[in-house]
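Chemist: please work out how this folds:
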Amino acid sequence: MQLLRRLSGRRAARLEAGAFVVDGPVLIADALRAGVAIREAFATDRVDPALIDTLEAAGVRVHEIREEVLARAVDTVSPQGIAAIATRVEVSVAEAVAAAAVGAMAFVLIDVADPGNAGTLLRAAEASGAAAVLFCGTSVDPSNPKCVRASAGALFHLPVASGGDTMAVTEALREAGVRTFATVVRGGTPYHTVDLTGPMAILLGSEAHGLPDDVAAAVDERLTIPLTGRAESLNVAMTGSVLAFEALRQRRSPPKPIGGTPG
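Modeler: Got it, this is the predicted structure:
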């Protein structure tokens with residue numbers, strides 16, 4: 001239980017142990033299906049016995065605990081009766097860049113601090129067919145429990161790398177033939193007029209400051225989402241989601257050549 005508590009609260013503990021917390025029956029079942037290695041689980045008596053049987057059949061030791069004990073160990077306001085310790089899947093920056101080079105789209109999160117936003121971006125990336133997600137700079141740990149929950153299991157199904165230097169990652173992507181796009185509030189090309197098919201990476205900056213100037217200057221093109229209401233900008237998770245699904249739309253229905261089809 002002490003390890004569960006440390007992993008729930010401290011990034012350093014997750015890195016040192018090479019493990020993270022998966023909270024709730026739905027996420028744990030998804031992790032098992034995705035082949036994530038579950039080390040052990042802690043369950044109350046209200047958990048479906050079928051899940052316990054599945055865990056034990058996979059060789060996972062399941063500890064029975066009281067509700068109040070679980071509540072003190074995890075960071076969830078309303079625990080769902082079960083939490084598990086899983087082994088971190090370590091994906092290098094080079095591996096994520098290689099995946100982006102042969103895939104449809106990648107996200108690069110730069111100094112994105114909020115775990116809810118990061119998890120939502122992971123969810124949008126996986127749902128739109130992204131090839132990889134890279135966490136750079138001071139971005140939140142992708143195995144943060146809140147990020148894991150917000151990702152709705154997407155973390156288990158994507159190559160996700162963390163810890164890369166922002167400029168080095170940007171350059172590595174470009175050297176691998178991946179087009180790079182910066183998201184800016186104003187002054188960029190309207191996103192729906194740009195070809196977003198083929199290997200490309202969308203760089204998303206921090207909630208408070210956006211992308212650093214040197215990063216925005218180093219990409220192939222800057223993109224802006226034109227707004228018609230009073231809002232000056234969109235939340236970073238909304239921005240990423242809009243662009244991810246525009247890229248998916250274009251892959252499904254490529255833009256027609258200007259001038260129409262020759263007769």
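Chemist: how distant is stretch 133-147 from the center of its chain?
Modeler: 7 Å (CA atoms, centre = their mean, to the nearest Å).
Chemist: measure it end to end?
Modeler: Using CA to CA, to the nearest Å, the end-to-end distance of stretch 133-147 comes to 13 Å.
Chemist: now that stretch: mean pLDDT?
Modeler: Taken as a whole, stretch 133-147 has an average pLDDT of 96.
Chemist: wasn't residue 41 part of a helix?
Modeler: No: applying DSSP: H, G, I helix; E, B strand; the rest coil, one finds residue 41 to be strand, outside a helix.
Chemist: so it sits against residue 55, correct?
Modeler: Yes: here residue 41 lies in contact with residue 55, judged by CB atoms under 8 Å, at a distance of 5.5 Å. Heads up, the C-betas are built off the backbone N, CA and C, glycines and all.
Chemist: what residues are shared contacts of those two?
Modeler: 28, 62, 84 (CB atoms under 8 Å, 6 or more residues apart in numbering).
Chemist: tell me the phi and psi of the last one?
Modeler: It refers to residue 84. phi -130, psi 150 (degrees, to the nearest 10).
Chemist: same thing with the first one?
Modeler: Taking degrees, to the nearest 10, you get phi -70, psi -40 for the backbone angles of residue 28.
Chemist: just give me the neighbour total for it.
Modeler: Per other CB atoms under 10 Å, the neighbour tally for residue 28 reads 26.
Chemist: wait, what's in contact with it?
Modeler: 22, 38, 41, 51, 55, 82, 84.
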